[in-house]
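> below is the sequence, then the predicted model.
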Amino acid sequence: MSFKMLTSTQRTLDDAEELVEYYYRRIKVFIPTIAKICLLSTFIEDSLRMYIYFSAQYYFFARRFYGWFSTFYIVFNLIVQMGAVLLILIKKKRLFAISSLFVVIFLQCIMYSPLYSWRFFGKSAALCGCLILLLVDARVTTSNKDEFAGLPDMGFDKPKSLMLLVGRIMTIFIFFTLLHSNMSYFKWFLTTINFALILSVAAGISAKLSAFILVLILSIENVSMNNFWSVPEWMSDYVRYDFFLTLSVIGGLLFIVSHGAGANRIT
């Protein structure tokens, strides 16, 4: 009986994945662009915030570093993020651009260390996972193979599958940051469903289907719960950060919908 149930469940999942694949083929030409814009939105928002709130950022860093260094870091952060985003969108020097964004995340972990916590670590790790998924897409779609000559070549499809695995696992960290002790029962219920789906994505079990469902759920949750445009001003920075970070994770999940789980998955 249990074997028949497992077989029936697997058949249902396969049918659902085929349905997702059918509709995906109809809009697949738009998915990579949408995924890139969603994923890069965090860096666009952060660089714009650096520009708009330059003085506030300067005084925050000046309490710990020399004034000239604070100015240099803010300008460096702004230029590198916007430059990297532009290079990725026009598909030029993408390995260099994505590597630059990894450096930005690393430096932010140092510069914002007074605010550092396990939640900050989880968000940074999830963002790195999304960048790895972006790197997979760039590596697959590039017409200039020499651009990615620095990446290891371990045989057909192995680098892609390995990077997909690492990216999927690192994306899990975002869901640990969403846990709060004072959440409502309904929020706990949604978080449990999301966590089950992201574990399925990480393990590669019906990854495309799970990622597609997560995109739909997170999109609705993001607009309804991270509505920074309608919260008090003192909360808006924190809520806006979560909004754009979730948008980046949605972008990473769209890349999984596009490329699947790769060879490293549980079947």
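Done, it's in. Numbering: from 1, shown residues only.

> how near is the residue lying closest to F54 once chain neighbours are set aside to Y53?
Residue nearest to F54 in three dimensions, not counting chain neighbours: I74, with 6.3 Å by C-beta to C-beta, 6 or more residues apart in numbering. Quick note: C-beta positions are derived from backbone N, CA and C, even for glycine. I74 is 10 Å from Y53, where distance means C-beta to C-beta, to the nearest Å.

> have a look at these two and say which one is more surrounded.
I74 (20 against 13; other C-beta atoms under 10 Å).

> now stretch 127-141: mean pLDDT?
Computed over stretch 127-141, the mean pLDDT rounds to 85.

> typo on my end, stretch 226-237
Here the average pLDDT along stretch 226-237 is 83.

> stretch 42-56 too?
Mean per-residue pLDDT for stretch 42-56: 89.

> got a list of what the residue nearest to F54 touches?
Residues counted as contacts of I74 (C-beta atoms under 8 Å, 6 or more residues apart in numbering) are M50, F54, Q57, Y58, F61.

> and for I105?
Counting by C-beta under 8 Å, 6+ apart, I105 has contacts S124, L127, C128, L131.

> and the one helix or strand it maps to, how far from the chain's centre?
According to DSSP states H and E, I105 maps onto helix 94-111. Centroid separation for helix 94-111 versus its chain: 14 Å, with C-alpha atoms, centre = their mean, to the nearest Å.

> how about stretch 245-258?
On C-alpha atoms, centre = their mean, the centre of stretch 245-258 falls 5 Å from that of its chain.

> look up the closest residue to L214, ignoring the ones flanking it.
Distances taken as C-beta to C-beta, 6+ apart put L197 closest to L214, at 4.9 Å, once the chain neighbours are dropped.

> what's around the one you found, how many residues?
By other C-beta under 10 Å, neighbour count at L197 equals 21.

> again, but for L87
17.

> got a list of what it touches?
Neighbour list for L87: K93, R94, F96, A97 [criterion: C-beta under 8 Å, 6+ apart].

> 6 Å instead?
For L87, the contact set (C-beta atoms under 6 Å, 6 or more residues apart in numbering) comprises K93, A97.

> and the pLDDT at it?
For L87, the model assigns a pLDDT of 93.

> which strand or helix spans it?
Going by DSSP H and E, L87 is in helix 67-89.

> appreciated, that's everything.
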